[in-house]
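Enquirer: show me the folded form of this:
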Amino acid sequence: MANRSRPVSDRTFPWVQSGFDLEGIVGFLAAWLLGILLGMLWGPLFWLAFIPGIVLLFATRTAERVTPEDSSLIVTPCDGVVVSVEEADAPDELRMPGPVQRIRISSSPFSSNNIHSPIAGTVDHLVREEGAAEAFAAMKPDNASLEQLFFAINGEPVQVGLRIATGGLGPRLETRTDAGDRVVAGKTIATRRLGGWCDVYLPLEGRVMVEPGRTLIGGETTLLALGDLVDSSFETPEPAFEAEDPTPETVPPEVAEDVEEDVAEDEAPPTPETTPPEVAEEVEDDIDSEDLDPDDPRRSDPAEMFARLRRQANKIHGEDDTSKDE
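Expert: Numbering: from 1, shown residues only. The predicted structure is shown next:
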């Protein structure tokens, strides 16, 4: 589990997220010194000891991991590849009733050797079975000669069981916790060297988030999302664009022309050509009612006629607007 007390931005090499166990460093130094001694006898013998030292060093690799802070998620306990996802009965050592989901994970000898707690809770019990020396390589997951470690963890929502198996030669499995201990998700609860198998037993409720062939990162990759909390973990995506008010730049040219014509018609002042015939007749009657002299130029002056028509049309136009507002 990553050390959150120190921000990544304050690290000199933020990309360094791994290290090596003390046993691996000591083993590498011992192999290196042995290689020097053998090389003094004959040069090629140096590599006979140095190369196994390199293998031993990388076989004891550790890594910092950042675990999701969500109690509805169950994370993978180790690095590896998903071999199968199926319904099965849990081993008797785990004491888990009924059928459960089993996710089987295979880890290479060079995977990180940390085993993380998949969920926050309490270690109910653990069982360790010694392996046989002839089972050096964990080739078959169900080989009874493998060294095995069983963890039953009572999480806040559900119970999770682990079966961790590796070769039986040498100290390959070590526990970092005991029954009754309180653990948080991502905490290192055991160490397994040179890879092996890990069976994770989960409740049938929830949504499995992995499939066979998926590469997993211990303490980070989600195996199962529990119940109704699955949907709450996904946020509704925001729309790719927001609707904007139309602007002159976004209005098609033909639409803009129609709008301009309508506006021009609405705002244009009335003229004799646009004045209705009944209005023109009323204006002529008004002129006649003024008893102007027949020789008065105002009777035949077109400008005077247009002015009167315009005033009458404006008057009618104003009355129409008033009636619409009412």
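Enquirer: where in the stretch 51-200 of the chain is pLDDT low?
Expert: Across the stretch 51-200 of the chain, not a single residue meets the criterion (pLDDT under 70).
Enquirer: now do the helices in the stretch 1-150 of the chain.
Expert: In the stretch 1-150 of the chain, the segments counted as helices under DSSP state H, counting those that start in this stretch are 22-41, 45-59.
Enquirer: residue 130 is nearest to which of the ones you listed?
Expert: With CB to CB, the closest approach to residue 130 among those belongs to helix 22-41: 19.0 Å. (Glycine included, C-beta is placed from N, CA and C.)
Enquirer: return the closest one as PDB; C-alpha atoms alone will do.
Expert: Output of helix 22-41 as PDB, limited to C-alpha atoms (Å, rounded to 0.1, in the frame of the first residue of the first chain):
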ATOM      1  CA  LEU A  22      15.900  -7.400   2.500                       C
ATOM      2  CA  GLU A  23      16.300 -11.200   1.800                       C
ATOM      3  CA  GLY A  24      16.600 -10.500  -1.900                       C
ATOM      4  CA  ILE A  25      19.200  -7.900  -1.500                       C
ATOM      5  CA  VAL A  26      21.300 -10.100   0.900                       C
ATOM      6  CA  GLY A  27      20.900 -13.000  -1.500                       C
ATOM      7  CA  PHE A  28      22.000 -11.000  -4.400                       C
ATOM      8  CA  LEU A  29      25.100  -9.700  -2.600                       C
ATOM      9  CA  ALA A  30      26.000 -13.200  -1.500                       C
ATOM     10  CA  ALA A  31      25.700 -14.500  -5.100                       C
ATOM     11  CA  TRP A  32      27.800 -11.600  -6.400                       C
ATOM     12  CA  LEU A  33      30.600 -12.300  -3.900                       C
ATOM     13  CA  LEU A  34      30.400 -16.000  -4.800                       C
ATOM     14  CA  GLY A  35      30.600 -15.100  -8.500                       C
ATOM     15  CA  ILE A  36      33.800 -13.100  -7.900                       C
ATOM     16  CA  LEU A  37      35.500 -16.000  -6.100                       C
ATOM     17  CA  LEU A  38      34.500 -18.400  -8.800                       C
ATOM     18  CA  GLY A  39      35.600 -15.900 -11.400                       C
ATOM     19  CA  MET A  40      39.100 -15.900  -9.900                       C
ATOM     20  CA  LEU A  41      39.300 -19.600 -10.700                       C
END
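Enquirer: tell me where the stretch 151-300 of the chain has helices.
Expert: Along the stretch 151-300 of the chain, counting by DSSP H, counting those that start in this stretch, helices occupy 229-232, 253-267, 277-289, 297-300.
Enquirer: report the mean confidence score over the first one.
Expert: This points to helix 229-232. Throughout helix 229-232, pLDDT has a mean value of 44.
Enquirer: same question, the second one
Expert: Mean pLDDT, computed over helix 253-267, is 59.
Enquirer: still on that earlier bit, redo the helices of the stretch 1-150 of the chain as JSON lines? Include mean neighbour count.
Expert: Shown next, in JSON lines, are those (neighbours: other CB atoms under 10 Å):
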{"stretch": "helix 22-41", "mean neighbour count": "15"}
{"stretch": "helix 45-59", "mean neighbour count": "16"}
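Enquirer: distance to residue 195 added to those, as JSON lines?
Expert: Shown next, in JSON lines, are the helices of the stretch 1-150 of the chain (distance: least, CB to CB, whole Å):
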{"stretch": "helix 22-41", "distance to residue 195": "14"}
{"stretch": "helix 45-59", "distance to residue 195": "8"}
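Enquirer: tell me how many other residues surround the closest residue to residue 89 other than its chain neighbours.
Expert: Nearest in space to residue 89, with sequence neighbours left out and distances taken as CB to CB, 6 or more residues apart in numbering, is residue 99 at 6.0 Å. Counted with other CB atoms under 10 Å, the neighbours of residue 99 add up to 13.
Enquirer: with residue 11 instead?
Expert: Residue 11 has 11 neighbours, counted by other CB under 10 Å.
Enquirer: and the pLDDT for it?
Expert: Residue 11 is assigned a pLDDT of 70 by the prediction.
Enquirer: distance of it relative to residue 220?
Expert: Distance of residue 11 to residue 220, given as CB to CB, to the nearest Å: 18 Å.
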